[in-house]
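Q: Here is my input; please provide its structure:
(chains A and B)
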Amino acid sequence: MKGKKKNVENAALMQKFSWNLMWKQRYLLLMSVPFLIWLIIFKYIPLWGWTMAVQDVRPKSFGMSIWERDFVGLDHFITLFKDQKFIQILINTLGISAIGIVLGFFSAIIFALLLNELRFIKFKKITQTISYLPHFVSWVIIASIAKAFLGDSGVLNEILSNIGVGPFKFMTTNGVAFWLICCLIDVWKEMGWSAIIYLSAMAGIDQGLYEAAKVDGANRFRRMWHITLPGIRPTIVTLLIMSIGGVLGVGMERQMLLSNGVVKESAEVLSWFAYTRGIGTQNYGLGTAIGVFQSGISIVLLFIANKSAAKLTGTKLI
Amino acid sequence: MSNRAAVKIKENRKFTPFDIFLVIFFLFIIVITLYPFLNVLAISFNDSLDTVRGMNFLIPRVFTLQNYIYIFTKKSLGGPLVMSIMRTLAGSVTSVICSAMLGFVLSRKDFYFNKLFTVLFVVTMYVGGGLVPEYLLIMRTLSLGNNFLVYVLPGLIGVYNVILIRSFVEGLPYAMQESAQLDGASDFKIWYRIVLPLCKPVLATVALFVAVGQWNSFMDTYLYARDLKTLQYVLYEVLNETSVNIDSSRTDAVTSSVTPQSIRMAITIIATAPILVVYPFLQKYFVGGMTLGAVKD
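A: Numbering: from 1, shown residues only, chains lettered A, B, ... in the order given. Next comes the predicted model:
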């Protein structure tokens, strides 16, 4: 009976194309087709631009049709892999990503776990509200504050010198130190915001479980470990899979703004490289190829992460 | 039962050392989150020459408006400020209207192209052309370089926002739309008169997010419109100028007794102010988008 009803509903939805129907839905069409045109121009034409990765495209040849440009096959990718800066940039990108994922996940999960245990409701609300704030502040502003705060003669060094430590070169030390600073600033900015999703997952955990554990004599830490953490595990795995897909996609904006002449070598990431090679030196084909390389690896990583997460934990994204 | 209740009450009354640790920990978090902002605020209102003695303070030691007067008169910050306000207004108004329209259309199951259009839009959330093709589209194909439209058109539709609005409209009782249809209202009228007024909460959240994004946006100015300077871009220039070009700033500073450090801090405050001012009041809408999305997905 129920199935039959559903079939009727489906039949009502399975409309046949007719000009009559189009006329009936003319307002719906008018209210969506302009945006479809926008979508094609601003989203699908750049996708078509991926073809430039196998062509020689420079400012002069950009105006030519696709058939007139020189087809170069995989030359751009070979140029990229042979570039003397490429290895360093790949290491930078992977290093910053790895540290960022580890620090980002641990800080947000611990923050959410502890906030969930806080008993003073008002204080909890205020803390949470304040912790979101830096998320809404732009990277330019964060960079400006970071330079004032962490600079060689900045506020933090001033405070530290009062207790007789330092000065430290927070913003001007090459290598892992700079990656760590980038990621710590990111943690400062995003920790509270990333915790929201865990907190809302925690709110969905059955309170009866806690009551039962309490009666069984489990203390607070055991309850956190055995109830809260498993309760948010699917959320953690989903977010982890997505972040692994973005391992090569470290944004150029943050890197560019936080770096300076001294640390540029360890600050440069793939997307920034695509900008300097593709737009800076106007080798559009090469710049596109770098982007394609980045997206390709991302998709592969996403599938690997998804498969292994499905095997290990039973949670799957796709 | 009574036993369990007793346990509960006992636990609620007792504050363990762990509770005290939590309070101290979160007080520490609050301090490290707010102190940098308050410190910058204090420096921006402090006398430049006094700041050189040390910057580690919470309230201005020698109060002055000199830094702000300097950035508006000598650095002509007025233009970029107007540009930032204009792009924020134009960008968020157009984006909210367009996203609301599309969200409504995609919520209509009876719309013939519903499935097709939804898929075409959602796909673009996951795959994009990347930096160089987008740059070429905007600068070469559309010639939007240094055109105000570059702040409005590329971000006209936020697909995530459209999905958010669509879910919200789907949650409204469809009977209202049906009865309006029977009364002979066109789909546009249904959207404008019935759906839109009911969507206020979700539209407020979307508007806020788009507005914050517009205000904070820096890369589009950097890539496409360096003549149409916004506050964020000016702050970027000042940040770089002081590290590269110290000498000219120094002569500047001698004549006006305002140091680059203080100038930077004052501009930072001007660029942050709207968000800091609006934030406490609209806080629930700021979080709204995140939770709305989390629930519906």
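
Q: Give the burial count for residue B:85, as a bare number.
A: Counted with other Cβ atoms under 10 Å in any protein chain shown, the neighbours of residue B:85 add up to 15. C-beta coordinates here come from the backbone N, C-alpha and C atoms, glycine included.

Q: can you pull the contacts of it?
A: For residue B:85, the contact set (Cβ atoms under 8 Å, 6 or more residues apart in numbering or on different chains) is empty.

Q: tell me the strands in the stretch 151-297 of chain B, going along the chain?
A: Shown for the stretch 151-297 of chain B, no strands are assigned by DSSP state E, counting those that start in this stretch.

Q: What is the neighbour count of whichever residue of chain B sits closest to chain A?
A: Here the residue of chain B nearest chain A is residue B:129; by Cβ to the nearest Cβ that distance is 2.3 Å. For residue B:129, the count of nearby residues is 25 (other Cβ under 10 Å).

Q: helix/strand/coil for it?
A: Secondary structure state of residue B:129, per DSSP: H, G, I helix; E, B strand; the rest coil, is coil.

Q: For it, which non-adjacent residue is spatially closest?
A: Spatial nearest neighbour of residue B:129, excluding adjacent residues (Cβ to Cβ, 6 or more residues apart in numbering or on different chains): residue A:46 at 2.3 Å.

Q: pretty sure that neighbour contacts residue B:130?
A: Yes: the criterion here is Cβ atoms under 8 Å, and residue A:46 meets it with residue B:130 at 7.0 Å.

Q: Per-residue pLDDT of residue 88, please?
A: If you meant another chain, say so; for now it's chain A. Per-residue confidence (pLDDT) for residue A:88: 93.

Q: That was the other one, I meant chain B.
A: pLDDT recorded at residue B:88 is 95.

Q: do the same with residue A:6
A: Predicted confidence (pLDDT) for residue A:6: 47.

Q: One more: residue B:244?
A: pLDDT at residue B:244 comes out at 43.

Q: One more: residue A:239?
A: At residue A:239, the model reports a pLDDT of 89.

Q: Now do stretch A:30-42: distance to the chain's middle.
A: Offset of stretch A:30-42 from its chain centre (Cα atoms, centre = their mean, to the nearest Å): 27 Å.

Q: For that stretch, buried residues please.
A: If you call a residue buried by 16 or more other Cβ atoms under 10 Å in any protein chain shown, then stretch A:30-42 has these buried ones: A:31-32, A:35-36, A:38-39, A:42.

Q: Let me know whether that stretch sits next to chain B.
A: Yes: using Cβ under 8 Å from any Cβ of the partner chain, stretch A:30-42 reaches chain B at A:30-32, A:35-36, A:38-39, A:41-42.

Q: Could I get the contacting residues of the residue nearest to residue B:148 when sequence neighbours are not counted?
A: Nearest residue to residue B:148, sequence neighbours excluded (Cβ to Cβ, 6+ apart): residue B:228, at 6.4 Å. Applying Cβ under 8 Å, 6+ apart to residue B:228 gives the contacts B:83, B:146, B:148, B:150-151, B:221.

Q: List only those of those flagged as buried.
A: Applying 16+ other Cβ under 10 Å to those flags B:83, B:150-151, B:221 as buried.

Q: Who are the packing partners of whatever helix or strand residue B:37 lives in?
A: Here residue B:37 sits within helix B:17-44, counting by DSSP states H and E. Under the contact criterion of 3 or more Cβ pairs under 8 Å, 6 or more residues apart in numbering or on different chains; DSSP states H and E, helix B:17-44 touches helix A:86-117, helix A:121-132, helix A:139-150, helix A:176-203, helix B:260-296.

Q: The ones you listed: which one's closest to residue B:159?
A: helix B:260-296 (12.1 Å; Cβ to Cβ).

Q: tell me how far the closest one is from the chain's mean position?
A: 6 Å.

Q: Need the mean per-residue confidence for it.
A: pLDDT averaged over helix B:260-296 gives 78.

Q: repeat for stretch A:257-271
A: 89.

Q: And stretch B:185-202, by the same measure?
A: 92.

Q: Repeat that for stretch A:283-293.
A: Stretch A:283-293 comes out at a mean pLDDT of 91.

Q: How far does that stretch sit from its chain's centre?
A: 21 Å.

Q: any weak-confidence spans in the chain?
A: Assuming you mean chain A. A:1-14, A:315-318 (pLDDT under 70).

Q: not what I meant, chain B
A: B:1-13, B:242-256, B:288-297.

Q: per the record, what domains does it have?
A: B:2-74+B:245-296, B:78-224 (automatic domain parsing).

Q: hmm, back to that, give me whichever of the helices and strands packed on helix B:17-44 is most buried.
A: Ranked by mean neighbour count, the helices and strands packed on helix B:17-44 are led by helix A:139-150 with a mean of 23 (mean count of other Cβ atoms under 10 Å in any protein chain shown).

Q: Please work out which residues outside that helix touch it.
A: If you take Cβ under 8 Å, 6+ apart as the criterion, helix A:139-150 is touched by A:134, A:154-157, A:170-171, A:181, A:185, A:189, A:253-254, A:257-258, B:36-37, B:39-40, B:43, B:55, B:216, B:218, B:232-233, B:235-236, B:239, B:261, B:264-265, B:267-268, B:271-272.

Q: Please repeat the previous calculation with a cut-off of 6 Å.
A: Residues outside helix A:139-150 that contact it (Cβ atoms under 6 Å, 6 or more residues apart in numbering or on different chains): A:154-156, A:170-171, A:185, A:189, A:253-254, A:257-258, B:36, B:40, B:218, B:232, B:235-236, B:239, B:264, B:268, B:271-272.

Q: Could you find the closest non-adjacent residue to the residue most central in space within chain B?
A: Nearest to the mean C-alpha position of chain B, by Cα atoms, centre = their mean, lies residue B:212 at 1.6 Å. Setting aside the residues directly before and after it, residue B:212 is nearest to residue A:136 in space (Cβ to Cβ, 6+ apart), at 5.4 Å.

Q: Now do the one you found against residue B:96, distance only.
A: 18 Å (Cβ to Cβ, to the nearest Å).

Q: which residues touch the residue in the stretch 1-150 of chain A positioned nearest to chain B?
A: Using Cβ to the nearest Cβ, the closest approach of the stretch 1-150 of chain A to chain B is made by residue A:46 at 2.3 Å. Neighbour list for residue A:46: B:129, B:133-134, B:137 [criterion: Cβ under 6 Å, 6+ apart].

Q: how near is it to residue B:134?
A: 5 Å.

Q: And for residue B:62?
A: 48 Å.

Q: Quick check: residues of the stretch 51-200 of chain A near chain B?
A: A:62, A:114, A:118-119, A:127, A:129-130, A:136-138, A:140-141, A:144-145, A:149, A:155, A:158-159, A:196-197, A:200 (Cβ under 6 Å from any Cβ of the partner chain).

Q: If we use 7 Å, what do you get?
A: Contact residues (Cβ under 7 Å from any Cβ of the partner chain) of the stretch 51-200 of chain A with chain B: A:52, A:62, A:114, A:117-119, A:127, A:129-134, A:136-141, A:143-145, A:147-149, A:155, A:158-159, A:196-197, A:200.

Q: Tell me which stretches of the stretch 1-150 of chain B form helices.
A: Secondary structure of the stretch 1-150 of chain B by DSSP state H, counting those that start in this stretch: the helices cover B:2-13, B:17-44, B:48-51, B:66-73, B:78-107, B:114-126, B:131-136.

Q: Highest mean neighbour count out of these?
A: Scoring the helices of the stretch 1-150 of chain B by mean neighbour count under mean count of other Cβ under 10 Å gives helix B:131-136 as the most buried, with a mean of 24.

Q: is that one anywhere near chain A?
A: Yes: using Cβ under 7 Å from any Cβ, helix B:131-136 reaches chain A at B:131-136.

Q: From the contact counts, what lies against that helix?
A: When contacts are defined as 3 or more Cβ pairs under 7 Å, 6 or more residues apart in numbering or on different chains; DSSP states H and E, helix B:131-136 packs onto helix A:270-275, helix A:284-313.

Q: again, only this time at 6 Å
A: Packed against helix B:131-136 by the contact rule (3 or more Cβ pairs under 6 Å, 6 or more residues apart in numbering or on different chains; DSSP states H and E) you find helix A:284-313.

Q: Thanks again, I'm all set now.
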